[in-house]
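A.B. asks: generate coordinates for the sequence data below:
(2 chains)
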Number of protein chains: 2
Amino acid sequence: MLKRLLVELGERSYPILIGSVLEELKEQLPQYIKGQQVCIVTNETVAPLYLEQIVEHLSDFNVLTVVLPDGESYKTMATVTQIFDQLLENNHNRTTTIVALGGGVIGDMAGFAAACYQRGVGFVQIPTTLLSQVDSSVGGKTGVNHPLGKNMIGAFYQPSCVVADTRVLKSLPIRELSAGIAEVIKYGLICDAPFFDWLEQNVGKLMAFDDEALAYAIERSCENKAKVVAMDEREGGIRAILNLGHTFGHAIETAMGYGKWLHGEAVAAGMVMAVDLSVRLGWVDAPLLTRLIALLDAAKLPIKAPSEISNARFLELMSLDKKVIDGRIRLVLLKALGGAVVTSDVDIERVKETLDACKG
Amino acid sequence: MLKRLLVELGERSYPILIGSVLEELKEQLPQYIKGQQVCIVTNETVAPLYLEQIVEHLSDFNVLTVVLPDGESYKTMATVTQIFDQLLENNHNRTTTIVALGGGVIGDMAGFAAACYQRGVGFVQIPTTLLSQVDSSVGGKTGVNHPLGKNMIGAFYQPSCVVADTRVLKSLPIRELSAGIAEVIKYGLICDAPFFDWLEQNVGKLMAFDDEALAYAIERSCENKAKVVAMDEREGGIRAILNLGHTFGHAIETAMGYGKWLHGEAVAAGMVMAVDLSVRLGWVDAPLLTRLIALLDAAKLPIKAPSEISNARFLELMSLDKKVIDGRIRLVLLKALGGAVVTSDVDIERVKETLDACKG
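C.D. replies: The predicted model follows:
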């Protein structure tokens, strides 16, 4: 079973291969690698599970492996510099291809390394978490964190191919699977009401690692994201709707310290806050909030922000977020199920009411 | 006197303003700055000369200045990180514009910072050396050095505007002016024989800082470079001819230690070597080498590589250069005055003969 979804970006178009892909890598991958050199970037958790298998599939190439420590706290320029050091010490030239094997953190760093090494080399992604399969597979965002903010240093850089294998997900802790489902639910909320309905019916299958349900959810999520990204590759406008729940979510992640809450968990609580605020503004009806909470709950996701973050701290962290333009907080809210909008016209008092209501 | 040259790159097209531009900045610049925040990146040498004047012209904006130490040895990721730190500490958001005020080192680092800060912000270049006016003004190359190689980390990133003022050149040491003229001569050699003839006639005016001659040389150089870059924005093929003399030149720079030879000086000696090798291969006649040496000599440029670099060391350094693809040395040579070609089909013995002939 192998689905092939094309992300249409003109000369930067590329396919996402979805299903039991790892077994077919030997036939599938070489066409996306232009030179003889390959550098696989992975981490200490993923390496013992899949690295040997991938290296075997790439036996026709000159393969270098870089195994980094695991965790968001290592998503720094210092870690990316280790990749550059390895590439240079091994004489990798500008025809090399960097293969990211891991979750979002590995994809972000390996992609940024590919964007910057000799001003840009080949890049293939093999995301090994549901979150990275449905999120970082599409959009070309790469980068690292800075002590003063998440993802502050980076580049837009497209891979030549993404390999999303559903079976690798079975080695994920259930908490990581849930975090991925949070982003899947997001696509339903922002632009695909029928998909939201499907998720309400099928969340149990996803939580049971059902291959077919997972492949469908990945494909539909990537399709939705690709549609939005194609309209706005460099995030000038409409693409911002993909950040539903993220302004609130980033504030939670930062306040709690990177890595304490998983990104998807923070986005889950953030989506509740965004929909709560949309209800308060009279833009959507209260039952949607109830449905969202029930769906997140079925996916074992948090539906409340931590009570220890004061409103003042929340607002402070939200205004450092990148979605601020010239000093005003911009938020992604809903006008309908499947109908997200970006707005900077929100009464701060209503935001405070939402903060009060959604902590616990 | 203000010339306006458009670099045609589709939606990334931008103008180069050439002449006595600094005085007109207040009218010219704001149209290329999209937000309210501006960050001027400069160095300790240039700041006392021009920073105050530029800041005055930008009085309608919220201006941050970052003054870096001067010199190629500071062209590192650590220095670029200082720019990121300043931007974040001063809450610069994604609508900020980075203005590079300085030579090639400042332009490369400020441009790379603009490419990576929040995945890309506005960028304006005010190059203050002849070399950076005729070289880094066109092509979008940005980046930093790595201990194992020059310009190994970087991005292709286009400015929204370049300001090339001829009068700032009068504050340059003559050695820096000469280094710029080396790159100007390169354009004649690779693709513009009539310009080479003009340079033979007018090199004296350039060396005397004649405004009109300088403006013409800058315009014609940028036109030539823009033509080549437009054919090949991301350096897949033809663009490599811009590297005439650079494979030899980079070897000289690296062997002597960054900064000992100016880049343009190393390129001058490197061009002699490239033309010498072209003569040895029977591709051009010996008198062209004589003409080139006379022209470089009139511009007070070196015409020999340092004798202390052994042939073995030279060849070793040349093969780490980025112009190597899959292990073969690729060189830019001449088939005629104004007719450069990229070739990987050169007998290594001939290269050694050139090394022997061109050191001293």
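A.B. asks: element containing the closest residue to A:D135 other than its chain neighbours?
C.D. replies: Distances taken as CB to CB, 6 or more residues apart in numbering or on different chains place A:E183 nearest to A:D135, at 5.0 Å, with adjacent residues excluded. For glycine as for every other residue, the C-beta is placed from the backbone atoms N, C-alpha and C. Element membership for A:E183, per DSSP states H and E: helix A:174-191.
A.B. asks: which other helices and strands contact that helix?
C.D. replies: helix A:130-134, helix A:193-207, helix A:211-231, helix A:263-280, helix A:286-298, strand A:331-336, strand A:339-343 (3 or more CB pairs under 8 Å, 6 or more residues apart in numbering or on different chains; DSSP states H and E).
A.B. asks: what helices or strands is the third one leaning on?
C.D. replies: Applying 3+ CB pairs under 8 Å, 6+ apart, one finds that helix A:211-231 makes contact with strand A:2-7, strand A:14-19, helix A:130-134, helix A:174-191, helix A:193-207.
A.B. asks: so what does the helix or strand following that helix touch, helix or strand wise?
C.D. replies: Where DSSP H and E defines the elements, the next helix or strand beyond helix A:211-231 is helix A:246-256. In terms of contacts (3+ CB pairs under 8 Å, 6+ apart), helix A:246-256 is packed against strand A:149-156, helix A:263-280, helix A:311-320, strand A:331-336.
A.B. asks: run through the bridge partners of A:Q125.
C.D. replies: Beta-bridge pairing of A:Q125 under DSSP bridges involves A:A100, A:V162.
A.B. asks: quick one: contacts for it?
C.D. replies: For A:Q125, the contact set (CB atoms under 8 Å, 6 or more residues apart in numbering or on different chains) comprises A:99-100, A:107, A:110-111, A:132, A:136-137, A:159, A:161-163.
A.B. asks: which one of these is nearest to chain B?
C.D. replies: Checking the contacts of A:Q125 against chain B by CB to the nearest CB gives A:G111 as the nearest, at 11.1 Å.
A.B. asks: list the contacts for the residue nearest to that closest one when sequence neighbours are not counted?
C.D. replies: Taking CB to CB, 6+ apart, and ignoring the residues beside it in sequence, A:G111 has A:T142 as its nearest neighbour in space, at 3.2 Å. Residues near A:T142 by CB under 8 Å, 6+ apart: A:107-112, A:114-115, A:154-157, B:119.
A.B. asks: could I get those as JSON lines with pLDDT?
C.D. replies: Output for these, formatted as JSON lines (pLDDT from 0 to 100):
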{"residue": "A:G107", "pLDDT": "97"}
{"residue": "A:D108", "pLDDT": "97"}
{"residue": "A:M109", "pLDDT": "98"}
{"residue": "A:A110", "pLDDT": "98"}
{"residue": "A:G111", "pLDDT": "98"}
{"residue": "A:F112", "pLDDT": "98"}
{"residue": "A:A114", "pLDDT": "98"}
{"residue": "A:A115", "pLDDT": "98"}
{"residue": "A:G154", "pLDDT": "98"}
{"residue": "A:A155", "pLDDT": "97"}
{"residue": "A:F156", "pLDDT": "94"}
{"residue": "A:Y157", "pLDDT": "96"}
{"residue": "B:R119", "pLDDT": "96"}
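A.B. asks: in PyMOL, how would I select the buried members of those residues?
C.D. replies: Selection of buried members from those for PyMOL, criterion 16 or more other CB atoms under 10 Å in any protein chain shown:
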select buried, (chain A and resi 107+108+109+110+111+112+114+115+154+155+156+157) or (chain B and resi 119)
